[in-house]
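K.L.:
just coords:
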């Protein structure tokens with residue numbers, strides 16, 4: 001009985017190690033290997049800015065997301081299909097072309113001396129961080145919900 005439990009423990013440890021190696025694989029790729037949607041997003045919103053690194057984050061069942069760092073210091077995360085998930089200006093104003101007009105208009109009207117330095121898109125909402133440190137939440141249509149503490 002003791003030998004059987006030792007074998008079970010050893011097999012469990014081996015399984016955990018194998019799963020850990022397969023589960024979270026990050027690898028550097030070239031910009032040309034990004035999905036077309038992501039390449040188009042970068043070309044439209046960061047014209048003339050090149051990438052300094054592109055990381056493909058894979059999970060067990062395929063690519064989970066792409067993490068792109070640009071030479072101007074900004075970061076863009078894309079989902080597995082190349083749709084933007086987050087744009088982080090790293091304290092710089094992010095391009096506004098892809099941000100829903102309702103969000104742009106709300107920020108311009110309610111916080112006229114600020115700009116968006118980070119925006120995140122989730123399934124049912126947006127979250128925008130302003131240059132004055134305030135975080136705003138919007139619904140999926142870009143309507144203001146609340147200030148996030």
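P.N.:
Good, I have the coordinates. Computed from a prediction, not measured in an experiment: that's the story for all the values here.
K.L.:
Sketch out the low-pLDDT regions of this protein for me.
P.N.:
1-24, 149 (pLDDT under 70).
K.L.:
Repeat the analysis, applying 50 as the threshold.
P.N.:
14, 17, 19-21 (pLDDT under 50).
K.L.:
domains of it?
P.N.:
Domains of the chain are assigned by automatic domain parsing as 25-77, 91-149.
K.L.:
Residue 101 versus residue 109, what's the distance?
P.N.:
Going from residue 109 to residue 101 by CB to CB, to the nearest Å gives 12 Å. Glycine gets a C-beta too; all of them are placed from N, C-alpha and C.
K.L.:
got it, and residue 76?
P.N.:
20 Å.
K.L.:
for residue 33, same thing?
P.N.:
Residue 33 sits 32 Å away from residue 101, taking CB to CB as the criterion.
K.L.:
So for these two, which residue has more residues nearby?
P.N.:
residue 33 (13 against 9; other CB atoms under 10 Å).
K.L.:
do you know how far that one is from residue 85?
P.N.:
With CB to CB as the criterion, residue 33 and residue 85 are 18 Å apart.
K.L.:
Phi first, then psi, for the residue nearest the centre of the chain.
P.N.:
Geometric centre of the chain, nearest residue: residue 77, 3.0 Å, by CA atoms, centre = their mean. Dihedral pair for residue 77: phi -110, psi 140, per degrees, to the nearest 10.
K.L.:
The one 4 residues further on too?
P.N.:
Recorded main-chain torsions at residue 81 are phi -100, psi 0, according to degrees, to the nearest 10.
K.L.:
and it, how many neighbours does it have?
P.N.:
12.
K.L.:
Contact partners for it?
P.N.:
35, 37 (CB atoms under 8 Å, 6 or more residues apart in numbering).
K.L.:
now do 6 Å
P.N.:
Neighbour list for residue 81: residue 35 [criterion: CB atoms under 6 Å, 6 or more residues apart in numbering].
K.L.:
Please report the distance of it from residue 34.
P.N.:
In terms of CB to CB, residue 81 sits 11 Å off from residue 34.
K.L.:
Please apply the same query to residue 145.
P.N.:
31 Å.
K.L.:
Give the bridge partners for the residue nearest to residue 116 when sequence neighbours are not counted, please.
P.N.:
Once flanking residues are discounted, residue 116 sits nearest to residue 128: 5.0 Å by CB to CB, 6 or more residues apart in numbering. Counting by DSSP bridges, residue 128 is bridged to residue 119, residue 136.
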